[in-house]
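K.L.:
here is a sequence with its predicted model. Questions after.
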Amino acid sequence: MMSNSVTNNLNGVSVLITGATGAIGQACVAQCLSEGATVFANGRDAERLGELAEKTGTKCIPLCYDVTDEENVKQAFIKIKKMQSQSEIGPFYGLVNNAGIMEEHSLVTTSMDSLQRQLRVNLLAPFQHMQLACRLMARHGRGSIVNIVSQVGEQGSSGLSAYAASKSGLSGATRAIAKEFAEKGIRVNGVAPGLVDTPLTSHYEDQLREEIIHRTAMKRAGGADEVAHAVLHLLSPQASYTTGQILAVDGLFSP
Amino acid sequence: MTNEKKLTQAFVSALSIDEAQVVDSLQYNTIKEWDSTAHMVLIAELEDAFDVMLDTDDIIDMSSVAKAKTILQRYDVEFSD
């Protein structure tokens, strides 16, 4: 007989979630905390991080830094390395690369600055986080990384070429690093949302939103919680035989 | 324990080799035990032993026991020889 549910999947371990003050980030923080993890919550806005920590309790530890600042990222991991030895925090087990930006421009109006900005946040920063995370996880012989990629990166979308390039780059890194670290007990997967109601998409005009929904088989936008559920599944030991996969959470979107 | 001894122990533990093999001239990828997989374990051992976090460039440059000492000295780890 199968059990109905497994709880406390992340009991006794710690997880870093970048972009924790965003809609998907907050949902991931809440779900990881509910599964028993200690969450290192990253964001750039100290005030919003403080509010999040206050709302979610002592097992949420704010880490205020810019994910594109290499030295700050390294300092954050030094802090995690030191803190994980505390019994109430637990070994560093999980990383959710959630921080991201999206800038819409046609190909010919995409500035190099915009391209580089999106590559830095959406690809280079997650890459550095994975480098440092794997070094900590390898010590324990287990770990799980979930990268928030995008159906835009998987399938393409007009007007989002730079964003698509950055996210599909992260998908490629996800698959490659999964192979490199599989034998060390570290799993690496991606979650590719379609249209999700978050501040990232709140500026969409009604017509564009309707067009996307029309191309979505489930005929609705997704919620941040629905993305977080997929993240939590891949992060947790429930997905112990799953690595190198990109899980679409998109209501069956067709480009 | 001296820093030399700590360094030797890190190599012995990470590469599963004899203490006698840990000499300055020992180089990365010249013995089967020191491959890319073992290199990451070695980095972890060294970071734990000396309570440092190495830069990626230093990890790439760490191509021998002698080089490991040189790099660790930049992190304020002192060696007598």
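P.N.:
Noted; the coordinates are in hand.

K.L.:
ok, the residue nearest the centre of chain B to chain A distance?
P.N.:
Centroid-nearest residue in chain B, with C-alpha atoms, centre = their mean: residue B:68, separated by 4.9 Å. Going from residue B:68 to chain A by C-beta to the nearest C-beta, to the nearest Å gives 16 Å. The way it works is simple: take the backbone N, C-alpha and C, and place the C-beta from them, glycine included.

K.L.:
report how many residues lie close to the closest residue to residue A:226 other than its chain neighbours.
P.N.:
With sequence-adjacent residues excluded and distances taken as C-beta to C-beta, 6 or more residues apart in numbering or on different chains, residue A:226 is closest to residue A:249, at 6.1 Å. For residue A:249, the tally of surrounding residues (other C-beta atoms under 10 Å in any protein chain shown) stands at 20.

K.L.:
please tell me how far residue A:249 sits from residue A:151.
P.N.:
Distance, residue A:249 to residue A:151, using C-beta to C-beta, to the nearest Å: 9 Å.

K.L.:
ditto for residue A:232
P.N.:
In terms of C-beta to C-beta, residue A:232 sits 19 Å off from residue A:151.

K.L.:
and what of residue B:34?
P.N.:
43 Å.

K.L.:
buried residues in whichever strand or helix holds residue A:54?
P.N.:
Element membership for residue A:54 (DSSP states H and E) is helix A:46-56. Buried residues in helix A:46-56, counted by 16 or more other C-beta atoms under 10 Å in any protein chain shown: A:48-49, A:52-53, A:56.

K.L.:
tell me if the least confident helix or strand in chain B by mean pLDDT is near chain A.
P.N.:
Sorting the helices and strands of chain B by mean pLDDT, DSSP states H and E puts helix B:36-50 at the bottom, at a mean of 91. Yes: judged by C-beta under 8 Å from any C-beta of the partner chain, helix B:36-50 comes into contact with chain A at B:37, B:40-41, B:43-44, B:47-48.

K.L.:
could you list every helix and strand in contact with that helix?
P.N.:
helix A:125-140, helix B:3-15, helix B:65-73 (3 or more C-beta pairs under 8 Å, 6 or more residues apart in numbering or on different chains; DSSP states H and E).

K.L.:
can you add mean pLDDT and distance to residue A:106 and give those back as JSON lines?
P.N.:
As requested, the helices and strands packed on helix B:36-50 are exported to JSON lines (pLDDT from 0 to 100; distance: least, C-beta to C-beta, whole Å):
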{"stretch": "helix A:125-140", "mean pLDDT": "94", "distance to residue A:106": "25"}
{"stretch": "helix B:3-15", "mean pLDDT": "96", "distance to residue A:106": "51"}
{"stretch": "helix B:65-73", "mean pLDDT": "97", "distance to residue A:106": "47"}
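
K.L.:
ok, the residue nearest to residue A:222 when sequence neighbours are not counted - contacts?
P.N.:
Closest residue to residue A:222 apart from its sequence neighbours, by C-beta to C-beta, 6+ apart: residue A:196 at 4.5 Å. When the contact criterion is C-beta atoms under 8 Å, 6 or more residues apart in numbering or on different chains, the partners of residue A:196 are A:23-24, A:221-224, A:226-227, A:249.

K.L.:
nearest to residue B:11 among these?
P.N.:
residue A:24 (43.2 Å; C-beta to C-beta).

K.L.:
secondary structure element for that closest one?
P.N.:
helix A:23-34.

K.L.:
next secondary structure after that helix?
P.N.:
Following helix A:23-34 toward the C-terminus (DSSP H and E): strand A:38-43.

K.L.:
distance between that following strand and the chain's centre?
P.N.:
12 Å (C-alpha atoms, centre = their mean, to the nearest Å).

K.L.:
circling back to that earlier point, so which elements touch the helix holding residue A:54?
P.N.:
Short answer (3+ C-beta pairs under 8 Å, 6+ apart): helix A:46-56 packs on helix A:23-34, strand A:38-43, strand A:60-64.

K.L.:
up against chain B, what does the stretch 151-255 of chain A have?
P.N.:
A:183-184.

K.L.:
now the strands for the stretch 151-255 of chain A?
P.N.:
A:186-193, A:246-249 (DSSP state E, counting those that start in this stretch).

K.L.:
the first one to helix A:23-34, inter-axis angle?
P.N.:
This means strand A:186-193. Inter-element angle recorded for strand A:186-193 and helix A:23-34: 140 degrees (by axes from the mean of the first three to the mean of the last three C-alpha atoms, to 10 degrees).

K.L.:
before I go, just wanted to say thanks for your time.
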